[in-house]
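show me how the following folds:
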Amino acid sequence: MSHYPALASFFAAYFHQDWQAEHATPGAVAAYYMDNESGSDVSRVRKELGRLLAQDLDDDALAAQVRALGSEYDPVASGGGYRAWLRELADRFSR
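So this is what the prediction gives:
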C-alpha cells in the first residue's frame with residue numbers, strides 16, 4: 001500500500017503516458033485536476049506533496065518515487081528536475 005494514495009491516484013490518472021494528448025503543459029494538467037476534482041481530493045494531494053517534498057531525497061530518488069506512484073511525466077526532459085516540478089505542483093495546489 002502506498003504512503004501517498006492521493007498522489008498515486010492523481011499521477012496515474014492525470015500524468016499517464018498520454019497526458020500530452022489531453023493537456024498542453026503539466027500546469028494545465030494540475031489546473032484541470034483542481035477544476036474538476038473535489039476540494040477534499042485537492043487538499044489530500046496538496047498534503048501528500050508536502051510530505052513527499054519534506055523527505056530528504058535527492059532528485060533521482062524523487063524521480064523513482066514519482067514514477068512508482070504512476071507518473072509518466074519527466075521534468076528532466078523539459079530541462080527541469082523532479083524536486084522543482086513537485087514544488088511547482090505544491091505551489092499550484094496551495095493557491
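
list the buried residues of stretch 62-74.
Across stretch 62-74, burial judged by 16 or more other Cβ atoms under 10 Å covers Leu62, Ala63, Gln65, Val66, Leu69, Gly70, Ser71, Tyr73. (Each C-beta comes from the backbone N, C-alpha and C, glycine too.)

now do the contacts for the closest residue to the first one other than its chain neighbours.
To tie it back to what came earlier, the one meant is Leu62. Nearest non-adjacent residue to Leu62, counting by Cβ to Cβ, 6 or more residues apart in numbering: Tyr82, 4.1 Å away. With contact taken as Cβ atoms under 8 Å, 6 or more residues apart in numbering, Tyr82 is in contact with Asp59, Leu62, Ala63, Val66, Pro75, Val76.

ok, the buried residues of stretch 62-74 vs Gly27, which is closest?
Tyr73 (11.2 Å; Cβ to Cβ).

ok, the nearest residue to the closest one once chain neighbours are set aside to Asp60 distance?
In space, and not counting its chain neighbours, Tyr73 is closest to Phe15: 4.5 Å by Cβ to Cβ, 6+ apart. For Phe15, the distance to Asp60 (Cβ to Cβ, to the nearest Å) stands at 18 Å.

more neighbours, those two?
Shown here are Phe15 and Asp60; by other Cβ atoms under 10 Å, Phe15 has more neighbours (23 against 10).

ok, now which ones touch the more buried one?
Pro26, Val29, Gly70, Ser71, Glu72, Tyr73.

report all helices and strands that the lengthiest helix in the chain contacts.
Longest helix in the chain, counting residues (DSSP state H): helix 39-54. Applying 3 or more Cβ pairs under 8 Å, 6 or more residues apart in numbering; DSSP states H and E, one finds that helix 39-54 contacts helix 5-14, helix 26-36, helix 82-93.

how about the ones you listed, which one is nearest Ala54?
helix 82-93 (10.3 Å).

helix 26-36 and that closest one, what's the angle between them?
30 degrees (axes from the mean of the first three to the mean of the last three Cα atoms, to 10 degrees).
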